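[1] From the sequence below, what's the structure:
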Amino acid sequence: MQKGIRLNDGHVTYLGLLAKKDGTRRGCLSKKSSDNTKWHTKWFALLQNMLFYFESESSSRPSGLYLLEGCVCDRSPSPKPSLSAKECLEKQYYFTISFNHENQKALELRTEDVKDCDEWVAAITHASYRNLATEHETLMQKYLHLLQIVETEKTVAKQLRQQIEDGEIEIERLKSEIQTNPTAAPSEDDSEIKKIKKVQSFLRGWMCRRKWKTIIQDYIRSPHAESMRKRNQVVFSMLEAEAEYVQQLHILVNNFLRPLRMAASSKKPPITHDDVSSIFLNSETIMFLHQIFYQGLKARIASWPTLVLADLFDILLPMLNIYQEFVRNHQYSLQILAHCKQNRDFDKLLKQYEAKPDCEERTLETFLTYPMFQIPRYILTLHELLAHTPHEHVERNSLEYAKSKLEELSRIMHDEVSETENIRKNLAIERMIVEGCEILLDTSQTFVRQGSLIQVPMSEKGKITRGRLGSLSLKKEGERQCFLFSKHLIICTRGSGGKLHLTKNGVVSLIDCTLIEDPESTDDDGQDMEHLDFKIVVEPKDSQSFTVILVASSRQEKSAWTSDISQCIDNIRCNGLMMNAFEENSKVTVPQMIKSDASLYCDDVDIRFSKMMNSCKVLQIRYASVERLLERLTDLRFLSIDFLNTFLHSYRVFTTADVVLDKLIAIYKRPISAIPARSLELFFASSQNNKLLYGEPPKSPRASRKFSSPPPLAIAKTSSPNRRRKLSLNIPIITGGKALDLAALSCSSNGYASMYSAMSPFSKTTDSEQVQSDDAEAESSPTKSPTTPKNVKCKNSSAPASPRNGDKEFVIRRAATNRVLNVLRHWVSKHSQDFETNMELKMKVISFLEEVMHDPELLTQERKAAANIIRTLTQEDPGDNQITLEEVLQMADGGKAEPFENHSALEIAEQLTLLDHLVFKVIPYEEFFGQGWMKNDKNEKTPYIMKTTKHFNDISNLIASEILRCDDVNTRVAVMEKWVAVADICRCLHNYNAVLEITSSLNRSAIFRLKKTWLKVSKQTKTVIDKLQKLVSSEGRFKNLREALKNCDPPCVPYLGMYLTDLAFIEEGTPNYTEDNLVNFSKMRMISHIIREIRQFQQTAYKIDHQPKAAQYLLDSSNVLDEESMYEASLRIEPKVPN
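    Predicted coordinates for the structure are as follows:
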């Protein structure tokens, strides 16, 4: 094995002699021996990066060689001399050469002179061939540059010499011409020619400049230039949005994450490190990522007008998995946060953090939500960039690739954003309640609606205080803010500062409730309340029962409230019934039955599930075929409120009303088909009933709807006449309410007419009340919702016993009947336009319900529910007492409108609010699907949305025209200040649409440029304008306006453009159908949530009296100027000042 390397001995000897002769440094040094015991004096010579040493100065051959490239040379301290050693008396100076090579020992040297030592150290430190090569390269480059300069100078000198020679030749020629005609005077022709040439030169210059100006103007007006301007504007807007987003992340990390980490390390931590990590997963990493992205974006802006952005998105794309983890963790983080807030120390600490000025009164939940909307914002930005980027552009392919990747992540985010909206809504309401409300920290609570209702006071004996009904004091003192959730109704009063306070018995558990839509009332009461009241009887399991009477402002609002409350009660009790109806006859519970049904959680070719669960603890549908959606609608085991509302809002997109109705009829006639075969196998253990699962004709009259004699009524297995069985609803997870007794039943002359309360899934029983016949019952009792229980005691329980499976089949038929009637009731009450525009559908529903009412097995309350639905379909809607838009327009047609100064600011604000709400309330929710307002035929597809837009523009034009109509500056200032006062009153009336109408008119160029006018506007008015503009600013997706809408109580007129932006946000890049032709139900769910919020504001009317004169002024367009005329009027009253 080779242990050394070969060197050319002659060449090394030559280099040694060269170093000895011309080396950088030469002299004697003491070198330490290899065994570190002795020092030997040698003669050293340094040449470039090689250090040679000789035995003496006269030696001709070097004794050794060190390569110094990359070494380190430093002074080293002198060692302490040992007592035994015979050291030299002179002081020695040491330095060491350390090599970077492995296993090579450092070279230790010494000299007797300190100066000599320092010079050796300096020389060895700079002994690098690499430095010499670099200097040589630099000098060569300078040399080549100087050569180029010399060549250039030579060329220039040659050209100058040539010009001088030409000039000398021209001078000689002119001299000869002068000598030839020394006395010739300039003629008049020559002077005329010079003038002509001068004019021609001027015209040529003018034509050239004009042509160049035309070229420039043509390009400025060209589509390419317009596209580039819009593209640059998109980039500038993106920079502003990114700066705001980075600031939001900075606040999240520095105001919340890092302080909470420190708090988790304290002696008494209010939160654990694991919880901090769960709440803020990847937040810090996302902040660092976007800081880099923002700096790169600023660098690109610095190189404007050349804006190349694709490489920035190339940096961002590989980091999307961090976003994906954050999005998937988002719901869990909010759940952990809700759990931690139950700790009072943590809640107090969190409120301190949120009170910091940087947070601007925004909550931690708000900051955690910002990253959820960033990816869709990038998608919209890329969409706009691509719209203004030519197809041959160098970065178009990169931008399209980035857009596709972001859209892929956005589709994953859709479900999580939709689900966490509900949690954020619950936490926001809980934060507004001063006393707190722990039930809202339950993430399974689904928000349904909110609004203002009047609570009628009750006396100590439980009777209504009759004398005060309808009085102004009752309306003022009894006003309550009500919040309906899937399991609870919360009743609050509004205190100062917008905070809420829970009333006595303000948290009502719906499982304990009985809803009476039309309670008994005296004639005086009927006149006072105008049948706008409804009663909720609450019978808690562990406390005394009480009654809540609430009064709505209109019939429409009452119908909406009672419909939603009954829907929530139906949902809870139906789920409870199916979970407990078979607890004695079957070992299988409904949760086990659902768990055994793989079709409820396993993806298949015709259905895909999200990772989120609905209020029934079943996975939400993400994509599904129409048939699977209809199966979920009619599945008797559970019914999610959110699913039913979403389906009824959006079914027109993917199916027809006839298909939905046919499915309901089929379930009613064959209820067994509403439960999957596997679940039925668990319910029905006998072979006889298993035949029903595989399509054989049922032999039992209970398996399908055959209008024959009813089955035996006895339920119990034993023949004892007094035995009873309970259908308990006391399920902690689902209900947590009161048990439901299923009393022994008896047969009557009309079959099952007297047994509804015993078998209905929505009933409660007591042993203290007797049941009369159907006719007497119908006459004596007030009208109740289908969920209203009827208390019954059985008259005769001596009927023979029936098999267990007969009991199960009977309960399934009752559940199927209630499901069909429940869906029909909400369809008819909440979506009446489907039946008003389709008479064939209306008659088909009436015919089906009449057939249902002739069923001899039908229970009393089921028959009443069917009759109520028919009554709703056939009777005309009385509506509310509010004037209609058509009546207002008709009254405004005749006569001349009074001028603006004749009306007070309060009158204008109230009538503007009334008009805005009348225009807003009539928009049908079908127009919010499909972005019809952005299509070419928008006036045909979305006429009401376009009318709303036109009304907004008309009012804005009216305001600007009214200001510009005033020639006197003081009058103009007074008009502007009056309109600002109108806007501030509209804000107090929760008419945010009018606030934006007025502020946008003040920001028009024709108004904004009036500097003399604005100088005279008072500071107080300017402060109000700034406050209003901040309120309705589009910054951060209208974050301030959304916060105001969240905290305000209806009636309210929101800005419709905000919701249209949200809908476009959802529709953009998200088709209604997947590639497998499955319905994108996740998209439908998000659109439904927005529609539900819009309809909530539409249903609550303003109690404002119509004033014809003020309304006529607002609707008069005779004096309204167009955009061009406005700017001309602006220039006339305040001309431009020349520069």
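[2] Could you point out the helix or strand that follows the helix or strand containing S398?
    Taking DSSP states H and E as the definition, S398 sits inside helix 396-432. Per DSSP H and E, helix 396-432 leads on to strand 447-455 as the next helix or strand towards the C-terminus.
[3] so for that next one, what's the average pLDDT?
    Strand 447-455 shows an average pLDDT of 83 in the prediction.
[4] tally of neighbours for the spatially closest residue to L1045 that is not a sequence neighbour?
    Distance criterion Cβ to Cβ, 6 or more residues apart in numbering; nearest residue to L1045, sequence neighbours excluded, is P1054 at 5.7 Å. Where you see a C-beta, it was placed from the backbone N, CA and C, and this is true even at glycine. When neighbours are defined as other Cβ atoms under 10 Å, P1054 has 24 of them.
[5] Check E898 too.
    13.
[6] Okay, the closest residue in space to it that isn't next to it in sequence and K351: tell me how far apart.
    Nearest non-adjacent residue to E898, counting by Cβ to Cβ, 6+ apart: K1109, 5.5 Å away. As defined by Cβ to Cβ, to the nearest Å, K1109 lies at a distance of 50 Å from K351.
[7] Same question for F447.
    23 Å.
[8] Identify the residues contacting I1090.
    Contact analysis of I1090 by Cβ atoms under 8 Å, 6 or more residues apart in numbering lists F928, Y1059, D1062, L1063, I1066.
[9] Against L65, how distant is S30?
    Taking Cβ to Cβ, one finds S30 at 18 Å from L65.
[10] For the residue nearest to E898, pull up the helix or strand it's in.
    helix 1108-1115.
[11] which other helices and strands contact that helix?
    In this structure, helix 1108-1115 packs against helix 885-893, helix 905-921, with contacts taken as 3 or more Cβ pairs under 8 Å, 6 or more residues apart in numbering; DSSP states H and E.
[12] Please work out the average pLDDT along the helix or strand in which I572 is found.
    Using DSSP H and E, I572 falls within helix 555-580. With pLDDT averaged residue by residue, helix 555-580 scores 72.
[13] before we move on, what about stretch 870-882?
    72.
[14] starting at the chain centroid, how far to stretch 1023-1040?
    19 Å (Cα atoms, centre = their mean, to the nearest Å).
[15] Which positions in it come out as buried?
    V1024, I1025, L1028, Q1029, L1031, V1032, G1036, F1038, K1039, N1040 (16 or more other Cβ atoms under 10 Å).
[16] Confirm that N321 sits in a strand.
    No - read with DSSP: H, G, I helix; E, B strand; the rest coil, N321 is helix and lies in no strand.
[17] The stretch 751-900 of the chain: helices as residue ranges?
    Ranges of helices in the stretch 751-900 of the chain, per DSSP state H, counting those that start in this stretch, are 756-759, 774-780, 804-830, 833-836, 839-853, 860-874, 885-893.
[18] hang on, the earlier thing: can you check what angle separates the helix holding I572 from helix 905-921?
    Interaxial angle, helix 555-580 versus helix 905-921 (axes from the mean of the first three to the mean of the last three Cα atoms, to 10 degrees): 50 degrees.
[19] And the closest residue to S1117 other than its chain neighbours, how close does it get to A892?
    Spatial nearest neighbour of S1117, chain neighbours left out: D954 (6.4 Å); criterion: Cβ to Cβ, 6+ apart. Distance of D954 to A892, computed by Cβ to Cβ: 12 Å.
[20] These two - which one has more neighbours?
    Using other Cβ under 10 Å as the criterion, D954 and A892 rank with A892 on top: 18 against 15.
[21] List the contacts of the more buried one.
    By Cβ under 8 Å, 6+ apart, the neighbours of A892 are P1108, A1111, Q1112, L1115, D1116.
[22] Buried among these? Need that as a selection in ChimeraX.
    The ChimeraX selection below is limited to those of the contacts of A892 classed as buried (16+ other Cβ under 10 Å):
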select :1111,1112,1115
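[23] Please produce CSV containing the contacts of A892, extended by pLDDT and distance to A815.
    Formatted as CSV, those follow (pLDDT from 0 to 100; distance: Cβ to Cβ, whole Å):
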residue, pLDDT, distance to A815
P1108, 86, 55
A1111, 87, 52
Q1112, 87, 57
L1115, 88, 54
D1116, 85, 59
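[24] Out of the contacts of A892, which is nearest to H11?
    L1115 (106.4 Å; Cβ to Cβ).
[25] Quick check: the closest one touching L918?
    No - look at L1115 against L918 with Cβ atoms under 8 Å: they stay out of range, at 11.2 Å.
[26] and for the two, which residues touch both?
    Joint contacts of L1115 and L918 (Cβ under 8 Å, 6+ apart) are V888.
[27] Can you give me the buried ones in stretch 950-969?
    Those would be 951-952, 955-966, for stretch 950-969 by 16+ other Cβ under 10 Å.
[28] out of those residues, who's nearest L989?
    I955 (15.0 Å).
[29] Find the nearest non-adjacent residue to that closest one, please.
    E997 (4.7 Å).
[30] Make sure I have this right: that neighbour is in a helix.
    Yes - assessed by three-state DSSP, E997 belongs to a helix.
[31] Let me see the confidence value for it.
    E997 carries a pLDDT value of 92.
[32] dump the residue contacts of it.
    L912, F952, I955, S956, I959.
[33] residue ranges for the helices of the stretch 151-300 of the chain, please.
    Taking DSSP H, counting those that start in this stretch as the criterion, the stretch 151-300 of the chain carries its helices at 188-221, 223-251, 258-264, 273-279, 283-302.
[34] same for the fourth one, what does it pack against?
    Contact analysis of helix 273-279 by 3+ Cβ pairs under 8 Å, 6+ apart lists helix 258-264, helix 320-340 as its packing neighbours.
[35] Looking at that helix now, give me its mean pLDDT.
    86.
[36] For that helix, which residues meet the burial criterion?
    In helix 273-279, counting by 16+ other Cβ under 10 Å, buried: D275, V276, S277, S278, I279.
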